[in-house]
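# everything below, folded, please.
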Amino acid sequence: MPSIATHPQAKFDPIPPDLDLHGLVDRAANFEWVQRIPASRIRKIEFEKLVWYQVIKQGKPLVIEGWNSKLPRSLFSSQWLEGNYDKKQENVRDINSQSNIPMTMGHYLRSMRQLTDQWTPNNFQDERRQRLYLKDIDCPPEWHDHLRKVMPPGLFYFNENVEDHGLRDDDLFMEEHTAAPAGDLMSSLPPEMRAQNLMCYIGHEGTYTPAHREMCGSLGQNIMVEASSNENGEKEGSSIWFMTETKDRQIVREYFLSMLGHDVEIEKHFAQINAWKKATFPVYVVEQRPGDFILIPPLAPHQVWNRGTRTMKVAWNRTTVDTLDYALHEALPRARLVCRDEQYKNKAIIYYTLQKYYQQLQDAAESQMSLLLGDEVGRDSARLTQLKKDFKRLLQLFTEILVDEMFASKEKNVEMIPFDSCVICSYCRSNIFNKFLTCKNCVRDLIDGDQDTYDVCMECYAMGRSCLCVSGLSWCEQWDWSELVDNYEAWRSMVIFNDGYVDMNLSPPPLEVARMKIGRKALAQNLK
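Below you'll find the model as predicted:
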């Protein structure tokens, strides 16, 4: 793997305001437009199939266009924001200085024209001029409520996909029932444990988001709800996206490391257009305008550049069985190397989803009815079949988690700290589901006056990471081990019941057998 330290780092090169994007895509051999599909041509159940096939299975970006007819200007506008949230305090990101500037919503909105007009084709490379981006702010509840009613239920934020989502007469999907398991498995967590990731992004000409991947291998979703037009002294707003495929993720990362001297895991570098043109992989381009809903493939690096006086976007991420697989096997190990916060509590999501699905499968088995209330038996049966498949895949992931936490013999000196989802590795910032090592000698003082012990996840300790004193580490766990094992046994019995047969190679084995099958010592065994 190329090392960043041994290669010169490419510099930031901004995009000129007068860029001919269509000409650029026509001339660059490896550039192509992202596929666009009008929302009006897709039925609700087709949305879920399309997104799964195009964005998750094939790993390609997708634009579903035409939502602007469902986004009234009386609600989605800078005037509405200024009228309702004028005095709301926000932190505006000064991109050049990498610092936050406290500012009211109204002040920022009123400054956007001036911030945009400072840029011309002659001075767009001036490093002294400000690029102020109002990013990662909470979505107004009024916008949240409206989007919940008009967006496909299975694709929306925190959706459990088991009800009609409060549909109205003018809702786009009023006539159809949901046809798949939970669309966002973050909804399985208790509300206090969930990561809040429904965010707004308001930017002017020259603001940008560096090349990065979505958090924890999740599926990114971004809709532009409003932008300025060539009226009243404003300049037309849009956002340019440079995107890649999931299958090219390793090639893209190596290209950034070896040729540009930057790591996409860190989200620090906005790659030059020339760098994208010289790449050996396909680069997908979008000019996002109001009503464009962009779906971002898991683990696929991408970057965004804002144009014009104003762009306003709402974005959220979804966690699915597929993205949890990506998280455990790729995203989390890479994030651990660069010590990037794990905000999504992936292992806990697996555990709580198994609990929820197990109860639903039990109810279905007892009643011999489908999980939904729809009249179409075939559709209910399809949903139940998918639920069983997802349950089986989740159990496979949970088996990996449990096996790595197994001791060779019962450990006597393990402190119990009841799980509340708040234990974080002090070194890599990953969320710890159950077992970890803690040092009560190496403590740090918190802002509120409390003291925090130094906690180390098993993966970090196996890499040689530890606290300062090293000698004071002791074991902790957050779940009663017998409870985890009992749940595993109940869940594997459910999988066998759903399959209708026992296969020595395919059926989930007893936990001890699963440990022997991995052909190595469990991680916890190696650390004792």
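
# please count neighbours and contacts with C-alpha atoms only from this point.
OK.

# got a list of what Asp452 touches?
By CA atoms under 8 Å, 6 or more residues apart in numbering, the contact list for Asp452 reads Val443, Arg444, Asp445, Leu446.

# PyMOL command for the buried members of these?
Buried members of those, defined by 16 or more other CA atoms under 10 Å, are picked up in PyMOL with:
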select buried, resi 443
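
# quick one: which of the contacts of Asp452 is nearest Pro153?
Checking the contacts of Asp452 against Pro153 with CA to CA, the nearest one is Leu446 at 40.9 Å.

# in what helix or strand does the closest residue to the closest one other than its chain neighbours lie?
Closest residue to Leu446 apart from its sequence neighbours, by CA to CA, 6 or more residues apart in numbering: Asp452 at 6.8 Å. Element membership for Asp452, per DSSP states H and E: strand 451-457.

# name every strand pairing with that strand and say which way it goes.
Strand pairing for strand 451-457, determined by DSSP bridges: strand 436-445 (antiparallel).

# C-alpha coordinates for the strand it pairs with, CSV please?
Written as CSV, here are the backbone C-alpha positions of strand 436-445 (Å, rounded to 0.1, in the frame of the first residue of the first chain):
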residue,chain,number,x,y,z
PHE,A,436,-13.2,-4.4,25.9
LEU,A,437,-10.2,-3.6,28.1
THR,A,438,-10.1,-0.7,30.4
CYS,A,439,-7.5,1.1,32.5
LYS,A,440,-8.6,3.0,35.5
ASN,A,441,-5.1,4.4,36.1
CYS,A,442,-5.0,6.3,32.8
VAL,A,443,-7.9,8.7,33.2
ARG,A,444,-8.7,12.0,31.5
ASP,A,445,-10.8,14.9,32.9
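
# which residues touch that strand?
Here strand 436-445 makes contact (CA under 8 Å, 6+ apart) with 451-458, 467-470, 472-477.

# which of the residues you listed are buried?
Tyr454, Asp455, Val456, Cys457, Met458, Cys467, Leu473, Trp475, Cys476, Glu477.

# taking those residues together, which two end up most distant?
By the measure CA to CA, Cys467 and Glu477 form the most distant pair in these, at 18.2 Å.

# quick check: mean pLDDT of the helix or strand encompassing Val63?
Val63 belongs to strand 62-65 when assigned by DSSP H and E. Throughout strand 62-65, pLDDT has a mean value of 98.

# so which other helices or strands are in contact with that strand?
strand 36-38, strand 293-296 (3 or more CA pairs under 8 Å, 6 or more residues apart in numbering; DSSP states H and E).

# identify whichever of the ones you listed lies nearest to Lys149.
Of all these, strand 293-296 comes closest under CA to CA, at 15.1 Å.

# next SSE downstream of the closest one?
strand 302-307.

# okay, now the sheet partners of the helix or strand that comes right after that next one, with direction.
Proceeding N to C from strand 302-307, the next assigned helix or strand is strand 311-318, under DSSP H and E. Sheet pairing here is set by DSSP bridges, and for strand 311-318 it gives strand 199-203 (antiparallel), strand 219-227 (antiparallel).

# need the contact partners of whatever helix or strand comes next after the shortest one.
With elements assigned by DSSP H and E, the helix or strand that comes after strand 199-203 is strand 208-212. Contacts to strand 208-212, defined as CA under 8 Å, 6+ apart, come from residues 133, 264-271, 301-306.

# quick one: contacts for Asp455?
Shown in contact with Asp455 (CA under 8 Å, 6+ apart): Val423, Ile424, Cys425, Ser426, Tyr427, Phe436, Leu437, Thr438, Cys439.
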